[in-house]
Structures are given as C-alpha cells and as structure tokens.
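> sequence? don't have it. structure:
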C-alpha cells in the first residue's frame, strides 16, 4: 500500500477576482485573460472602424442625400450613445462573452435571449462579409493592379463587385488564421491597427479641413441628386447607421479582459464616442474639400476620390494605405466578436455541434472552430457579389438590420426591468467602486435607445426599389433584408423546436442556473 506524500498534492491555483466573478455565473475560465484597457477599447473601436465604414458608404450617403446627409451623423450618434449607455450598465453587471445573448437571456428568459444571440451572430457573420468588401473602395485606388477582375473598379459595376469578392475572400483567409493563432497575437494586431487608424483619421481630418473649397453651410443643401429633405435623411442615414455598430465588442471580450466590470463599460462608451467624433469630422471634411459636388464622382468614388484629387496622388495613396489597414483590422475584430458569440452560446449547448464550437485550445486560449465557421460562411456570402453589384448594398443593409434588432432585444427587456423596479445600481467593480449606472436617467435614456433602435430597424429594412433595385429585375435584392431575416427566424424556430423535443438532462444541466 502506498501513500501520496503531501508534497505531491498540488492545490488548484488561486483564482483572481476576475475569474471568481466568472465562476459566480456558472462558468470556468478557459479563454486567456490578457487584454488591458487599451486592448478593450481597440476591440470596440476596430469593430466600428470609422475609416473602413465611412469610406465604404460615403458615396452611397451622398448619392441619395446630397450634402445634407451629414446631419444624419449626429442624429444616429445620439441614438447609439443611448444604446451604448445601456450596454455599459450591463457590461458592468454581466462581464461574460456572448454579450447580447447573455444580457438578453438574463433580462428576459433563455428562449428570448437565444433568439437575440441567434440574430446577432448571423448578423455578425454578414458584417464580416460586408467589411471585407470594403477593400474594393481603396485597393484599386492605390494601384490598378489590385483590380484583378475586369477594368471597372466601381463597386456598383459587375467588374468591381466581382473583384470585391475576390479581395474579400483573400482577407478572410488571413483574419481566420489570426483568429486561430492566439488572442495575444490578435490583441497586438488590433492595437497596432487601431493606433494606425486613429493617427490616419486625425491626419485625414486635418488635411481635408485645411484644403476646404467651401463653407460648412453647404451641409444644409440637399444637392442636385437629393430626393427631398426627408428622403435624403432617411436613406442618407444608412451610412451613419452602418458605421456606428459593434461598440458592444468590448463587452464581448469581457472574459479576456482584466477588471472587466470597470474596463468594459468605459471602453464601450469611449470607442463609440471617439469613432463618432472622428467620423463626423471626416464626413464634414470630405464635403468641404471635394473638388466638385456636382460632377457625379463624389456619389460614385466617394472619399477615395477626394483624397487623391485634393491632396495629390502621393499623400492620398499613403492615407488610403492606412485605410487598408483599418479594413483588415475591422474584419478581424468583427470575426473575433462573432467567434465569441458562437462560443458563448455553444458553451450553454444552445447550438448544433456545441461540443466542438465550445472547445478552447488551452495553449492559445482561442476557440478555433467558431473562427473557421464564421470565415467560411462570410466567404460564401461574398459569392453573391458575382451575381449582381446590388448585392453590396443588400449585404451591408442586412447586417445593420440584424444588429439593430438584436440590440433592441436587449434594450427592450432592460426597459421592462427598469419600469418594474427590478434593475438596480447595486454592486461594485473590481476596485470597490460602484458599478457604472445611469441613475435617474436610466428610464429616459433606455426608452430613447429602444425607440430609436426600432425606428432605424424599420427604416433600414424598408424595401425601397430605388435603393435596393435601382436597375430593376432583381426583386430579391429589394426584399433581401426581410427575406434573410425571415429565413433566419424560421431556421431558429425549427432548431429550437427540434432541440426541445430531443432535450436531454445533460443538455439542461449545461445551462448555468444564474439565468433569470
């Protein structure tokens, strides 16, 4: 008979306060907690990626709204700041990966939260595809050799749309590889990319404003191509709505962030605030510095045309190279957020193949399977661009609608909780300070966030023929967003019904008891 010497018995390493917080929600620490405050900020800012999205949709906003579309920027920023403030409160109370799914489930019930997570993760996959398409707006403008398909680089042309898909797939291969490697590698790339993007954005703002051709009063004009003030603002708001999403990614990375209860709320708000300020100034600078507002090029080539025409080829192309970095980092960050959502839902056994999707590589601290799934699905969506150039706008609008709807499925239950007096400011963060709270402003801010989100969801999804099928003959692009959302919901219902019928005690036991 042998005995084990006391020296051979190794107790489990002591948990950090961050890890104990996660344990209280019924989860064990598997992802590597290595992100500091700037890395958390970078996660949200790089998802928003003001350079990527402004360059991608500036031409569209101007084509439909004329100069007055600038005023949709502060309007959308106000609405999204209300949403971000609500999310900041929730990030302080529920520092868990899969933020939208986790928050909605704990504010309402697991079934409702599951649909919020399902819509969100499908939307994130579409956003990955849409972000990768942005390379077409900048690479051919830097060097014509990047136009691998045909001769016309305009994304609204058949050649440009096909080339956008080719460039996008190449980028997805790289971002998928990084999302498999290590979260420290991903964090370094994110931080370097965000730093470069901020520096580039500031330079673009300064150079555009110092090369102004007209006064800011031009922003009160609808322009020759405008469709009336109301129409200009409704459709022109698409650009701002597309830019200012993804700030919740700081909450998405909570399980990999030090002091997440304190860090995530602040980085959610600062990421959106910084992007909102820089983006608004870039839009204004582009309108003021454009060589012409009436030659038609601003509504086709957008800001790439302004940079190369107003600042010269050398400076313009150097700044466009910085935009390429922003596009790559944005695609990486969005794919990472989608991976964490898949991981979080699979960990609760709420998805097909949950065992594989929830598996974390102990060496890298990364869930590899979700990265491959998101990369493949996003690449498949890019193939729509070969069917028609109109797919570019259909994909872009669909992803915004999906995310806005998922956001409303959080702010809605949160408002109900507030009105019932079931949401309080109790608790402290890792430093012992009170958790972030809106206090007495909670109800009005929350109500604004919900009303704004629902209004913009309807506005974006409305099947306008002049927007989604301008050439005619592609009815499915006009109705693409509603069809895609309908298919997503039907697929979700079918899976939930099947899963309920095949439920096992083991699957039920996998769901933490901390859900409301």
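Nice, thanks for sending it over. Bear in mind that the values here come from a model prediction, so they are computed numbers and not experimental data.
> what distance do you get for residue 286 to residue 306?
Here residue 286 is placed at a distance of 5 Å from residue 306 (CB to CB, to the nearest Å). In this view, the C-beta of every residue, glycine as well, is placed from N, C-alpha and C.
> again, but for residue 495
As judged by CB to CB, residue 495 and residue 306 stand 47 Å apart.
> and residue 27, by the same measure?
Using CB to CB, residue 27 is found at 48 Å from residue 306.
> and if you look at residue 88?
Distance of residue 88 to residue 306, given as CB to CB: 35 Å.
> how far off centre is the helix or strand that contains residue 201?
Following DSSP states H and E, one finds residue 201 within helix 183-210. Relative to its parent chain, helix 183-210 has a centroid offset of 17 Å by CA atoms, centre = their mean, to the nearest Å.
> going forward, the N-terminal residue is numbered 824.
Got it, the first residue is 824 from now on, which makes the last one we talked about helix 1006-1033.
> so who does residue 913 touch?
By CB atoms under 8 Å, 6 or more residues apart in numbering, residue 913 lies in contact with 922, 926, 930, 1074, 1233, 1237.
> distance check, it against residue 1262.
Distance, residue 913 to residue 1262, using CB to CB: 15 Å.
> name the nearest residue to residue 937, ignoring sequence neighbours.
Nearest non-adjacent residue to residue 937, counting by CB to CB, 6 or more residues apart in numbering: residue 1173, 5.7 Å away.
> which element is that neighbour on?
Counting by DSSP H and E, no helix or strand carries residue 1173.
> pLDDT on stretch 971-985, on average?
For stretch 971-985, the mean per-residue pLDDT is 84.
> shouldn't residue 1024 be in contact with residue 1100?
No. If you go by CB atoms under 8 Å, residue 1024 and residue 1100 don't touch, sitting 9.6 Å apart.
> these two - which one has more neighbours?
The neighbour count for residue 1024 versus residue 1100, taken as other CB atoms under 10 Å, is higher for residue 1024 (25 against 14).
> so what's that one up against?
873-874, 1101, 1105.
> state the distance from it to residue 1105.
Taking CB to CB, one finds residue 1024 at 6 Å from residue 1105.
> need the residues touching each of the two.
Common contact partners of residue 1024 and residue 1105 (CB under 8 Å, 6+ apart): 873-874.
> next one: phi and psi at the residue nearest to residue 930 when sequence neighbours are not counted?
Spatially, and ignoring its direct neighbours in sequence, residue 930 is nearest to residue 1236 (3.8 Å; CB to CB, 6+ apart). Here is the backbone geometry of residue 1236 (degrees, to the nearest 10): phi -60, psi -30.
> residues contacting residue 1236?
927, 930-931, 935.
> let's go with 7 Å and repeat that
Taking CB atoms under 7 Å, 6 or more residues apart in numbering, we find residue 1236 in contact with 927, 930-931.
> sort out for me which of the residues you listed are in helices.
Using DSSP state H, the members of the contacts of residue 1236 that fall in helices are 927, 930.
> which of the contacts of residue 1236 has the most neighbours?
Taking other CB under 10 Å as the neighbour criterion, residue 927 ranks highest of those with 30 neighbours.
> okay, residue 1318 and residue 1129: which has more neighbours?
More neighbours surround residue 1129 than the other of residue 1318 and residue 1129, with 25 against 15 (other CB under 10 Å).
> isn't there a strand covering that one?
No. Counting by DSSP: H, G, I helix; E, B strand; the rest coil, residue 1129 is not found in a strand; it is helix.
> thought it was touching residue 1113?
Yes. Using CB atoms under 7 Å, residue 1129 is in contact with residue 1113, at 5.0 Å.
> where in the stretch 1224-1339 of the chain is pLDDT low?
Within the stretch 1224-1339 of the chain, the segments meeting pLDDT under 70 span 1248, 1326-1339.
> ok, now with 80
By pLDDT under 80, the low-scoring segments of the stretch 1224-1339 of the chain are 1247-1249, 1253-1254, 1288-1297, 1323-1339.
> residues near residue 847, how many?
Applying other CB under 10 Å, we find 10 residues neighbouring residue 847.
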